[in-house]
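> Sharing a sequence plus its predicted fold:
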Amino acid sequence: MTCCRNRRHSAVDRAPVDRDRFPLGTTRHPVLRQARRRLSSSAVAAMIALDTGTDELLCTIDQRVGILTLNKPHKKNALGDVLTPALRHMLTVLEGDDRVGCVMLTGAGNAFCSGGDVSGMGGKSAERENTPRSLGEAVNELVDKQVTLTLRLHELEKITVAALPGAAAGAGLCLALACDLRIASSTAFVTTAFRQIGLSGDYGASWFLPRLIGLAKAKELFYRAERVGAEEALHLGLVNEVFPDAIFQEKALAYAASLANGPVNALARMKKNLNAGIEQGLHDSLVLEAEHLIASINDPEAKEAISAFMEKRAPVFHGDTD
């Protein structure tokens with residue numbers, strides 16, 4: 001996926017997109033044309049480009065999917081001093097955009113994200129590192145970076161999907177784990193990678209992995225840092241779907257669009273129920289479920305779904321928000 005130079009304007013400004021330059025949203029592939037036909041015609045609008053402030057992060061809205069593309073393919077989309085702040089900002093932008101029903105995070109080229117870009121940690125960051133700091137200051141700074149990225153992503157009010165065209169390693173794996181769902185190309189792989197650089201890990205890997213695959217397997221992935229291929233990741237429960245590499249982009253968009261055009265308010269309440277249920281007791285979960293169910297009953301989404309059922313038609317939850 002080649003780079004598109006962003007203009008310096010508001011993040012909600014819209015601009016026509018050259019679909020040859022943004023293949024994830026292309027309409028020419030027959031698989032995606034079929035997916036579009038399955039959606040209501042009112043939900044199919046022209047792709048919208050949003051300015052991220054940098055070429056290292058691309059953002060588009062297509063079929064109500066907010067697509068964030070890490071765009072440093074020459075460095076396997078490694079995180080750095082420019083890309084990461086832009087990603088933090090755009091998560092907030094997409095969360096508040098009513099045109100977006102689902103957020104999909106992916107990577108340009110043949111990688112999702114290789115983790116931190118050590119070679120790019122220059123400039124202001126290097127100056128900070130050369131400035132004497134107390135241990136507490138260093139810890140607090142790293143905690144803030146983690147909270148505003150992976151915790152923010154985990155708690156985003158909209159459903160999130162990580163689409164892995166290739167490798168997800170280290171902090172890049174953590175980004176994927178922080179999303180609600182993960183889909184992978186058949187050639188993708190994941191690895192904790194921290195062992196390889198003599199680090200213990202950060203950005204929530206030790207919290208996410210045991211909850212997804214169990215403590216024993218999580219320890220193995222941390223201690224050995226071996227590559228886990230797409231099919232094995234599917235078997236372990238690290239990813240939810242694997243698609244052939246040749247049609248991965250089209251399948252990924254169709255997967256996310258099916259969520260984005262569904263009853264997103266109900267899905268958001270489900271997300272809160274499930275995230276809270278991991279940590280709280282049954283009684284508290286029952287109370288939260290009751291609150292959210294009553295809210296859902298009074299939501300226009302439920303009224304539309306019931307009407308559609310009675311009329312024996314597919315529900316249309318979203319009109320043209322373009």
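Arrived safely, thanks for sending.
> I'd like to know how many residues surround residue 144.
10 (other Cβ atoms under 10 Å). C-beta: built from backbone N, CA, C; applies to glycine.
> From residue 159, how far out is it?
As judged by Cβ to Cβ, to the nearest Å, residue 144 and residue 159 stand 26 Å apart.
> surely residue 227 meets residue 190?
Yes. Look at residue 227 against residue 190 with Cβ atoms under 8 Å: they come within range, at 7.5 Å.
> who has more neighbours, these two?
When neighbours are counted by other Cβ under 10 Å, residue 227 and residue 190 differ, and residue 190 comes out ahead with 27 against 13.
> Next secondary structure element downstream of the helix or strand hosting that one?
Using DSSP states H and E, residue 190 sits in strand 189-191. Proceeding N to C from strand 189-191, the next assigned helix or strand is helix 205-213, under DSSP H and E.
> Show me what secondary structure element comes after that following helix.
helix 215-224.
> could you say what helices and strands the very next helix or strand once past that following helix packs with?
Once the chain leaves helix 215-224, the next helix or strand it forms, by DSSP H and E, is strand 228-229. In terms of contacts (3 or more Cβ pairs under 8 Å, 6 or more residues apart in numbering; DSSP states H and E), strand 228-229 is packed against strand 189-191.
> What pairs with the strand it packs on, parallel or antiparallel?
strand 167-169 (parallel), strand 228-229 (antiparallel) (DSSP bridges).
> Any chance of those in JSON lines with mean neighbour count as columns?
Output for these, formatted as JSON lines (neighbours: other Cβ atoms under 10 Å):
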{"stretch": "strand 167-169", "mean neighbour count": "28"}
{"stretch": "strand 228-229", "mean neighbour count": "19"}
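> Turn these into JSON lines, columns for mean pLDDT and distance to residue 217.
JSON lines is the format used below for these (pLDDT from 0 to 100; distance: least, Cβ to Cβ, whole Å):
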{"stretch": "strand 167-169", "mean pLDDT": "97", "distance to residue 217": "17"}
{"stretch": "strand 228-229", "mean pLDDT": "98", "distance to residue 217": "10"}
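> Tell me which residues of the helix or strand containing residue 105 come out buried.
For residue 105, the host element (DSSP H and E) is strand 102-107. Neighbour-count burial for strand 102-107, counted by 16 or more other Cβ atoms under 10 Å, picks out 102-107.
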